[in-house]
Each structure stands twice: as structure tokens, then as C-alpha cells.
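In: For reference, the sequence and a predicted model appear below.
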Amino acid sequence: MYKVLLVEDEDMIRKGLSFSFDWVKSDCIIVAEAENGVVGVEKIREFQPDIVVTDVGMPLKNGIEMLAETMEEYGYAAIIVSVYDEFHYAKTAMHLGVSEYLLKPLVHTQLSNALEKAKKQCAIKKHYQQSISNTEKTMNQDLFERQLIIPQNINSRRVKKMISYVEEHYAQKISLEQIAEELMTSSTYLSQKFKEETGYTFKDFLNRYRIQKAIEMLKEGGHKIYNIAIDSGFSEYKYFIHVFRKYTGVTPKIFREYFLNERDN
């Protein structure tokens, strides 16, 4: 059966959806409920549902913000049930890959059809992730981890200091302008010199170094992924997922599952 999370701030509507609709007939089971987007994020991380049915307008964190924060990482299908018939909400929902955008008051046949669509989306995502997993198993581990190679023949004293600064402060906010000010030179000069000596742009080097540290924490186990994002220097969780996928080809969640599976076999 497909695991469903209900996110709705109005208790009557949430309980009505929970008890008045025949979820079992749709091959679904409600594993948890949430009264706002903040709790919704917690429940998504805890229960990892296959389908999230959510309202848009909620206190603390709205439904769109909740989906944007978690949908890419956890790969669930989403159905929005809202009183808002506004284009910008629907457009954002489409961009996120939401299965269906339904308007209240909800007709049960609409929800039933939306669930069928969401289940098909789940099946497609599951097949895609399985394909990725099978591909990963044939990959060389060094290539998969994309280790950062720091050139040993660096002649510039300033570039050496830039690398040392990244190694010591990667978990903090770092900018080229900040380092240039400390080294009493221009950021343009440092940018050109860094690229010339290392082969990386400064931003590329910094992101690669942070992802390498994130990989080390993932391999240790016991860390929540959103904590790893912060500890490796990414203040925005969604950006961390984007950068991690860019350099490794997969999300942190898939990488951790792959590594733990390889370690245990």
C-alpha cells in the first residue's frame, strides 16, 4: 500500500479527509497527519511517505514552501488541495512536479483520480531510482565520490593562503571579497590567480571542498542530512541538495543508501 501524509491546518477538514474517504480502496494508508508546513517537513523526514496531500495556505510554513524544501530529496508524489485558485500557486506547483492541484470543496472522485495519477508518478520515480542504483553499483567509487584534487605545485603565496582559509573556515560563510580584503589585494586578481594555479574557479573549489566534507559525514552515519548541509557550509538546504547532485550525480540520500549498502555487503 502507498503511504500517505495529510497536511492541513484546519482540524475538521483534515479529519474529514482522513475518515470520510476510502483510502484502502485506493490502495493507500495514512501514516501521519500534520497541521502546518513545519510539522509537515518533520513528518516527511520521519515517515518518508509515497504521497503527500497538502493544503497551500497554512501558518508557519505554507504547503508550497514545504514541498520545495523536501520534494526533491524524498521523491514523493504530491497532491495540493486548496481554496486558492490563483495562477502563481498552480505555476509553482507545476514547477515542483505536483501530481494534481485540486480546489476545495473536494469531490471524492477528484481525490480518487488524483491518487491514481500520484501512484503512477510514484512508480515512475521508483523505477528511475532503481535504474540509478543499478548504474551506481557499476561505477568506480573514486569517480562516484568525485574527490577534490588539490595541486601540489602551487607557487603563489596568496593562493596557498586561500586554500588554507577554505580548509579552516569551510563551514562558515566565505566570499572571495572577504579573503581579498584580508590579503589586501583585489578580488579580481585573486580570482584569476586561483584559476591559473589550481584549475578551479574559487567558487567551484569551495563547493567541491564542502561536498567532500559532506561525503565524509555521510559515510560516518548518524548525521541528519539537513544538519550535514549546515555543518559543511551550506546555509540553504535546497542549494546543498542541488550542489551535491551536481558534483556526485545523485542526492545525499541516495549516496548514503548506496554507501551503506556497499559497506554492509
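Out: Structure's in. What do you need?

In: Could you identify the helix or strand that succeeds the lowest-mean-pLDDT helix or strand in the chain?
Out: Taking mean pLDDT, DSSP states H and E as the measure, the chain has helix 141-145 as its least confident helix or strand, at a mean of 47. Using DSSP states H and E, the helix or strand that follows helix 141-145 in sequence is helix 157-169.

In: buried set for that next one?
Out: 158-159, 162-163, 165-166 (16 or more other Cβ atoms under 10 Å). For glycine as for every other residue, the C-beta is placed from the backbone atoms N, C-alpha and C.

In: closest to Val56 among those?
Out: Val166 (40.7 Å; Cβ to Cβ).

In: if I look at that closest one, how far off is Thr188?
Out: Per Cβ to Cβ, to the nearest Å, Val166 is found 19 Å from Thr188.

In: One more: Leu115?
Out: Using Cβ to Cβ, one gets 56 Å for the distance from Leu115 to Thr188.

In: Same question for Asn36.
Out: Taking Cβ to Cβ, one finds Asn36 at 46 Å from Thr188.

In: Who has more neighbours out of the two?
Out: Asn36 (18 against 10; other Cβ atoms under 10 Å).

In: okay, the more buried one: pLDDT?
Out: Here the pLDDT value assigned to Asn36 is 91.

In: what does Ile13 give?
Out: 86.

In: Surely it is in a strand?
Out: No: the assignment for Ile13 (DSSP: H, G, I helix; E, B strand; the rest coil) gives helix, which keeps it out of a strand.

In: Distance-wise, check it relative to Lys61.
Out: 18 Å.

In: Not counting residues beside it along the chain, what's closest to Leu190?
Out: Ala180 (5.2 Å; Cβ to Cβ, 6 or more residues apart in numbering).

In: Show me what the host helix or strand of the one you found is packed against.
Out: Using DSSP H and E, Ala180 sits in helix 176-183. Other helices and strands packing on helix 176-183, by 3 or more Cβ pairs under 8 Å, 6 or more residues apart in numbering; DSSP states H and E, are helix 157-169, helix 187-198.

In: and that helix with helix 187-198, angle?
Out: 90 degrees (axes from the mean of the first three to the mean of the last three Cα atoms, to 10 degrees).

In: list the buried ones in helix 176-183?
Out: For helix 176-183, the buried set under the neighbour-count rule, 16+ other Cβ under 10 Å, comprises 176, 179-180, 183.
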